[in-house]
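Student: what's the 3D shape of this:
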Amino acid sequence: RGQNPVHLQQALYAMGHSLLWAGQIDQARTHLERAISLYQPSHHAMMVAQNVNNMRVASGALLAAALWMQGYPEQAGRASEQALSLARQLNHPPSLGYVLCFSAGFQRLLGAREQCRNLADETMVFSQKHGLVFWRALGAANHGWALVMQGQAQGAAQIQQCLDVVRVSMGGVKILFLTPLCEALVQLGQFEKALPLVLEALDVVNSSGYHYSKSEHHRLHGLCLLGISPDATEMAEASFCQALNISRKQGAKSLELRAASSLARLWLTQGKEDEARRLLEDTRRWFTEGFDTPDFRESTDLWGSLSLTPC
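Tutor: Okay, here's the model as predicted:
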């Protein structure tokens with residue numbers, strides 16, 4: 001009672017930011033939604049005088065990531081669009097650079113390659129114009145990811161260059177570059193090159209507390225093991241199970257779907273059709289939206305290979 005609403009929004013954003021990276025997604029969402037609910041247009045001047053970013057914009061950008069992880073990609077998309085729309089209206093370069101970068105990253109989470117590339121392009125041009133060095137680097141990493149996913153292998157080298165720049169000086173922040181690079185190398189089938197980077201990412205996650213991506217890196221670890229040696233099924237299965245357990249504990253339904261699909265695909269090759277069927281059924285049944293996302297479509301294709309009627 002009586003607390004300055006701008007200061008309260010700043011505190012809520014800061015807590016939401018920390019909780020999201022720590023993998024405490026439900027609590028992060030609560031704090032970010034509260035910060036957004038308190039915002040008034042008249043708060044903007046005070047916010048940017050005391051902080052680099054508009055907290056409504058920043059909170060919305062992170063809320064999109066939290067909602068996607070929780071399994072609500074359509075709600076996440078609306079949150080991302082609202083944050084980006086407001087940032088464009090404010091004419092405040094740091095806020096727009098921030099949300100452009102996170103909007104591109106959100107499209108990467110969705111697997112929306114063209115949208116990610118377009119927003120990453122805009123991020124790089126805008127950040128270069130306004131001297132926003134870090135956002136330009138992260139935009140270039142997202143751009144490289146999109147290139148790889150569109151069949152242009154040189155995108156991986158672009159991400160690697162960005163990672164090399166931040167690896168020495170920015171500590172745990174390098175996880176933001178390691179994740180798209182690992183995904184890109186796995187997409188290219190360069191499993192032996194990807195494996196040490198996945199292990200580096202897991203080391204960063206464990207040492208820095210950035211647990212939000214821990215499930216995905218365990219899943220990528222399993223894919224690398226299988227890609228290097230198809231006989232490494234036991235170790236790969238352990239990695240997929242670890243990814244599944246972590247995502248369930250975090251309430252990260254989108255990551256749970258990815259882990260379940262990877263594990264079910266492995267079980268299918270081992271003749272464990274019943275186990276694969278039950279896992280996919282239990283995981284897919286929860287979702288109420290996002291049925292046209294690449295992750296859900298992939299699970300649908302796998303479901304079809306089990307001769308089941310899509311749920």
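
Student: these two touch, right, Met15 and Arg29?
Tutor: No - the pair Met15 and Arg29 fails to qualify as a contact (Cβ atoms under 8 Å) at a distance of 11.4 Å. C-beta: built from backbone N, CA, C; applies to glycine.

Student: So which of these two has more stuff around it?
Tutor: Per other Cβ atoms under 10 Å, whichever of Met15 and Arg29 has more neighbours is Arg29, with 23 against 18.

Student: State the next helix or strand along the chain beyond the helix or strand that contains that one.
Tutor: Assigned by DSSP states H and E, Arg29 belongs to helix 25-37. Per DSSP H and E, helix 25-37 leads on to helix 44-50 as the next helix or strand towards the C-terminus.

Student: Centroid-nearest residue for this protein?
Tutor: Nearest to the centroid of the C-alpha atoms of the chain, with distances taken as Cα atoms, centre = their mean, sits Leu109, at 4.5 Å.

Student: What separation is there between that residue and Ala252?
Tutor: Counting by Cβ to Cβ, to the nearest Å, the separation of Leu109 from Ala252 is 11 Å.

Student: which SS state does the residue nearest to the centre of the chain fall under?
Tutor: In the three-state summary, Leu109 is assigned as helix, counting by DSSP: H, G, I helix; E, B strand; the rest coil.

Student: Can you tell me the closest non-neighbouring residue to it?
Tutor: Once its chain neighbours are removed from consideration, Leu109 has its nearest residue in Trp68; the separation is 5.2 Å (Cβ to Cβ, 6 or more residues apart in numbering).

Student: Let me see the contact set for that neighbour.
Tutor: Taking Cβ atoms under 8 Å, 6 or more residues apart in numbering as the contact definition, Trp68 lies against Ala76, Phe106, Leu109, Leu110, Ser254.

Student: please redo it, this time with the cut-off set to 7 Å
Tutor: The neighbourhood of Trp68, defined by Cβ atoms under 7 Å, 6 or more residues apart in numbering, consists of Ala76, Phe106, Leu109, Ser254.

Student: Using PDB, write down the CA coordinates of the strand or helix carrying it.
Tutor: Assigned by DSSP H and E, Trp68 belongs to helix 55-70. Taking only C-alpha atoms (Å, rounded to 0.1, in the frame of the first residue of the first chain), the coordinates of helix 55-70 have been written out as PDB:
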ATOM      1  CA  MET A  55       8.900  -2.300 -18.000                       C
ATOM      2  CA  ARG A  56       5.600  -2.900 -19.800                       C
ATOM      3  CA  VAL A  57       7.400  -3.700 -23.000                       C
ATOM      4  CA  ALA A  58      10.100  -5.800 -21.300                       C
ATOM      5  CA  SER A  59       7.600  -7.700 -19.200                       C
ATOM      6  CA  GLY A  60       5.500  -8.500 -22.200                       C
ATOM      7  CA  ALA A  61       8.500  -9.800 -24.100                       C
ATOM      8  CA  LEU A  62       9.300 -12.200 -21.300                       C
ATOM      9  CA  LEU A  63       5.700 -13.200 -20.700                       C
ATOM     10  CA  ALA A  64       5.600 -14.500 -24.200                       C
ATOM     11  CA  ALA A  65       8.400 -16.900 -23.500                       C
ATOM     12  CA  ALA A  66       6.800 -18.000 -20.200                       C
ATOM     13  CA  LEU A  67       3.500 -18.700 -21.900                       C
ATOM     14  CA  TRP A  68       5.100 -20.600 -24.700                       C
ATOM     15  CA  MET A  69       7.000 -22.800 -22.200                       C
ATOM     16  CA  GLN A  70       3.700 -23.400 -20.300                       C
END
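
Student: State the next helix or strand along the chain beyond it.
Tutor: Following helix 55-70 toward the C-terminus (DSSP H and E): helix 73-90.

Student: tilt between that next one and helix 55-70?
Tutor: For helix 73-90 against helix 55-70, the angle by axes from the mean of the first three to the mean of the last three Cα atoms, to 10 degrees is 160 degrees.

Student: Check the burial of the residue nearest to Glu275 when sequence neighbours are not counted by counting its neighbours.
Tutor: Excluding its sequence neighbours, the residue lying closest to Glu275 (Cβ to Cβ, 6+ apart) is Trp267, at 5.1 Å. Number of residues near Trp267 (other Cβ under 10 Å) recorded here: 21.

Student: was I right about Trp267 contacting Ala276?
Tutor: Yes - Trp267 sits in contact with Ala276 when judged by Cβ atoms under 7 Å, with a separation of 4.2 Å.

Student: For the strand or helix carrying Ser207, name the packing helices and strands.
Tutor: Counting by DSSP H and E, the element that carries Ser207 is helix 191-208. Using 3 or more Cβ pairs under 7 Å, 6 or more residues apart in numbering; DSSP states H and E as the contact criterion, the neighbours of helix 191-208 among helices and strands are helix 175-187, helix 214-228.
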